[in-house]
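Peer 1: the sequence and its predicted three-dimensional model are supplied below.
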Amino acid sequence: MESFRTEIENPIVQKEIIDLERKIALFKDGKIDDERFRSLRLARGVYGQRQEGVQMIRIKLPFGKVSSEQLVRITKVSDKYSTGRLHITTRQDIQIHYVSLDRTPELWAQLAIDDITLREACGNTVRNITASELAGVDVDEPFDVSPYAHAMFQFFLRNPICQEMGRKFKMSFSSSDKDTALSYLHDLGFIPKIVNGERGFKVMIGGGLGSQPHHAELLSEFIPVNQIIPTTEGVLRVFDRYGERAKRLKARMKFLIKDIGRDEFLRLVDEEKKALSYQSYEIDTTDFDGAIPATLLEVPKVTIEDSAAFEAWKHSNVIAQKQAGYVAIGIKVLLGDFYTDKARALAELIKNYGANELRFSLKQNIVLRNIKEENLPFFYQELAKLDFVALGYETIGDITACPGTDTCNLGIASSTGIAEELERVLKLEFPQYKDNREITIKISGCMNACGQHNMSQIGFQGMSINSGKLVAPALQVLLGGGILGDGKGRFSDKVIKVPSRRGPDALRYILNDFETNGNGLSFLDYYDAKGEKYFYELLKPLADVTNLTDEDFIDWGNADNYVKAVGVGECAGVVIDLVATLILEAKDKLTFAQEAFEDKNWADAIYLAYAGFVNGAKALLLAENQKTNHHAGIINLFDTVFVETNKIILDTNFKDLVYQINQNEPSEVFAQKYIQEAIAFFENIETYRAKDLANA
């Protein structure tokens, strides 16, 4: 391990990796509880798999951008610590599976050499910030959103306000009004606008998928670019303080806004303005100036033998850029899975003959950008050697699916198996749809919607179905979702549940009926014209469980009979509520606050002191069997239980003491005062706790 540490230039990253190594040892020695350790490792991209004893590692790649050097580094890590398979997610991350927990610090250290992080790829944090994969080259974009997504990623990575929230928080940047980054289903979604010559964003807030999809509400029609980070910080501070923590299924931003209302939420955000790290934050765009570097090597001239295949590929997979003479190449990646040998060859290709950059797409594909149009024959030839010229990029036959029961604890039925079968059906039986980009098909293995099944025109959700003594894998068929543009979208309706083996027939019924009765309408207009009940009756024969065959009890991609086995999900992480653990955490927060103060990071120091106040108060409340569901509740209840009863004596009430955080600017003077008050408070509660235990 030591040799890898010395190659890491960033001392903060080095410290984090050493800390992870230490915490793993403490966990194995029984000195850290399993639930607390889970929260810690999730915030470092280490996620428990369905298979016991191994981990899924999620590599955080802001807006899917990867250089050749970074891609090679990822392949080396996958080969050494995993199986050589890379999985592209719908958040533009890369996941590798079957990694030993003991090896995760060394794995992270190797990634860090090329500035790749695992930090906050999972857990109750700001997750990977996504963006349209064509951002910077999109012919419809008013400006490149990439630098703004990058700045947002950098600002909130390791930021104390978003390390231990009630749930995860997701953001996206669309490149144009087409809203291809799906702003309407994000906690914060940004759509670029130019108003009176000024750059800014339309901002949507409080969207989400999961078992209860919710359309985001409008936060603002226009926020200047120098205000997006202060605005986001204010939103996160309110979410951290008022967001649900006790009931995991109600802990997303969408539920907080629903409970207190948009206007009250925005009033609370406005209250935080004085305390923000920056009142205005200018974003440097110089690294994204649009200049396209010359190729490292001269691109060879080649002759294409099968010109018809080449032309079909250009029509299907090549996208015109806004830069004259340049194109982007879409690579359709079945289920987002590809292997390190191909990844290394792709890295060499873009390094030598491209612009040394690719982006992973929101639909689990790969996009090569800034390719000279005259060099397309060479790229076609080279990509064909890698089997990367399959037609149908981002068409109906380009199905999105989560890993499902392959590796995920929450998977109920196979996503990948049925997706492969549906792609086969489309290719062989519906060639007339090969260029259809209007209909999307998305599949999730459970209700959490990692495959985004409930926002597509045709969606499938993994379920189970009872048939007498046996349980069979099933699919919920959903219809009628889609992107409408400029922050608007629609969620699909749950139409009917059918055995998984009949999923292909469900697709056949739908597409055949659309062809017969669509009358030239778009798919969504056709669905609206017919209505949900029509499709229920259309598919009803497939839902009959009285005539199941032996095959119906075997899920796609499996050889054995189906067994419903759902483990404990780790999508949000769980923080254990033990008094001693919380007191230790409070103490840690105060130590970190002092370190941040010494580094002159006044805002971080203040927020860490705030966390010390809250964790300490929560510890004593739990010792008294008092529970609350958010930070604001803890602060109020502490006054009721301890201060007003004179069990703990303070110079003021606890609420006024803690809420100095949003009454003061983040200055050196206030940071020093607030930290000292937090330390004094902590000493007070430690004394009280010691007496309480002595009298127990």
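Peer 2: Here it is on my side, so go on.

Peer 1: lowest confidence element among the helices and strands of the protein?
Peer 2: Ranked by mean pLDDT, DSSP states H and E, the weakest helix or strand in the chain is helix 2-6, scoring a mean of 50.

Peer 1: following element in sequence after that one, please.
Peer 2: Toward the C-terminus, helix 2-6 is succeeded by helix 11-28 as the next helix or strand (DSSP states H and E).

Peer 1: convert that following helix to CSV, retaining C-alpha atoms only.
Peer 2: What follows is helix 11-28, C-alpha atoms only, in CSV (Å, rounded to 0.1, in the frame of the first residue of the first chain):
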residue,chain,number,x,y,z
PRO,A,11,-2.6,14.9,0.7
ILE,A,12,-6.3,15.1,1.5
VAL,A,13,-6.9,12.0,-0.7
GLN,A,14,-4.0,10.2,0.8
LYS,A,15,-5.4,10.9,4.3
GLU,A,16,-8.8,9.6,3.3
ILE,A,17,-7.4,6.3,1.9
ILE,A,18,-5.3,5.7,5.0
ASP,A,19,-8.5,6.4,7.1
LEU,A,20,-10.5,3.9,5.1
GLU,A,21,-7.8,1.3,5.6
ARG,A,22,-7.9,2.0,9.4
LYS,A,23,-11.7,1.9,9.6
ILE,A,24,-11.7,-1.5,7.8
ALA,A,25,-9.3,-2.9,10.4
LEU,A,26,-11.5,-1.5,13.2
PHE,A,27,-14.6,-3.0,11.7
LYS,A,28,-13.0,-6.4,11.3
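
Peer 1: report all helices and strands that it contacts.
Peer 2: Secondary structure elements in contact with helix 11-28, counted by 3 or more Cβ pairs under 8 Å, 6 or more residues apart in numbering; DSSP states H and E, are helix 2-6, helix 34-42, helix 104-112. For glycine as for every other residue, the C-beta is placed from the backbone atoms N, C-alpha and C.

Peer 1: any idea of the mean pLDDT in that helix?
Peer 2: In this model, helix 11-28 has a mean pLDDT of 87.

Peer 1: touching, residue 182 and residue 455? I think so.
Peer 2: Yes. Using Cβ atoms under 8 Å, residue 182 is in contact with residue 455, at 7.2 Å.

Peer 1: give the residues shared as contacts by the two.
Peer 2: 483, 489 (Cβ atoms under 8 Å, 6 or more residues apart in numbering).

Peer 1: hmm, back to that, I'd like the helices and strands packed on helix 11-28 laid out as CSV, including distance to residue 240.
Peer 2: Formatted as CSV, the helices and strands packed on helix 11-28 follow (distance: least, Cβ to Cβ, whole Å):
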stretch, distance to residue 240
helix 2-6, 32
helix 34-42, 15
helix 104-112, 26
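
Peer 1: and the end-to-end length of stretch 365-381?
Peer 2: When the termini of stretch 365-381 are compared using Cα to Cα, to the nearest Å, they are 19 Å apart.

Peer 1: list the buried residues of stretch 468-476.
Peer 2: Within stretch 468-476, the residues scored as buried using 16 or more other Cβ atoms under 10 Å are 472, 473, 474, 475, 476.

Peer 1: where is pLDDT lowest across the residues you listed?
Peer 2: Of all these, residue 472 has the smallest pLDDT value, namely 84.

Peer 1: so what's it bridging to?
Peer 2: With beta bridges defined as DSSP bridges, residue 472 has these partners: residue 465.

Peer 1: from residue 281, how far out is it?
Peer 2: When distance is defined by Cβ to Cβ, to the nearest Å, residue 472 is 54 Å away from residue 281.

Peer 1: how close does residue 376 sit to residue 382?
Peer 2: 11 Å.

Peer 1: what number of residues lie near the residue found closest to residue 225 once you drop the neighbours it is linked to in the chain?
Peer 2: Leaving aside its chain neighbours, residue 225 sits nearest to residue 199 (4.8 Å; criterion: Cβ to Cβ, 6 or more residues apart in numbering). The burial count assigned to residue 199 is 18, neighbours taken as other Cβ atoms under 10 Å.

Peer 1: residue 199 should be in a helix, yeah?
Peer 2: No. Under DSSP: H, G, I helix; E, B strand; the rest coil, residue 199 sits outside any helix and is assigned strand.

Peer 1: show the pLDDT at it.
Peer 2: pLDDT, residue 199: 98.

Peer 1: close enough to count as contact, it and residue 224?
Peer 2: Yes. With contact defined as Cβ under 8 Å, residue 199 reaches residue 224; the gap is 7.2 Å.

Peer 1: can you give me the helices in the stretch 301-450 of the chain?
Peer 2: In the stretch 301-450 of the chain, the helices defined using DSSP state H, counting those that start in this stretch lie at 307-317, 340-353, 376-385, 416-429.

Peer 1: just put those in a markdown table and tack on mean pLDDT and mean neighbour count.
Peer 2: Listed next are these as a markdown table, based on pLDDT from 0 to 100; neighbours: other Cβ atoms under 10 Å:
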| stretch | mean pLDDT | mean neighbour count |
| --- | --- | --- |
| helix 307-317 | 97 | 15 |
| helix 340-353 | 97 | 19 |
| helix 376-385 | 98 | 18 |
| helix 416-429 | 94 | 19 |
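
Peer 1: would you list those helices in TSV and tack on distance to residue 544?
Peer 2: Formatted as TSV, the helices of the stretch 301-450 of the chain follow (distance: least, Cβ to Cβ, whole Å):
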stretch	distance to residue 544
helix 307-317	39
helix 340-353	43
helix 376-385	45
helix 416-429	19
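
Peer 1: list the contacts of residue 271.
Peer 2: By Cβ under 8 Å, 6+ apart, the neighbours of residue 271 are residue 662.

Peer 1: on that earlier part again, from residue 443, how far off is the residue nearest to residue 225?
Peer 2: With Cβ to Cβ as the criterion, residue 199 and residue 443 are 37 Å apart.

Peer 1: what does residue 273 give?
Peer 2: Per Cβ to Cβ, residue 273 is found 43 Å from residue 443.

Peer 1: and for residue 262?
Peer 2: Distance from residue 262 to residue 443, by Cβ to Cβ: 33 Å.
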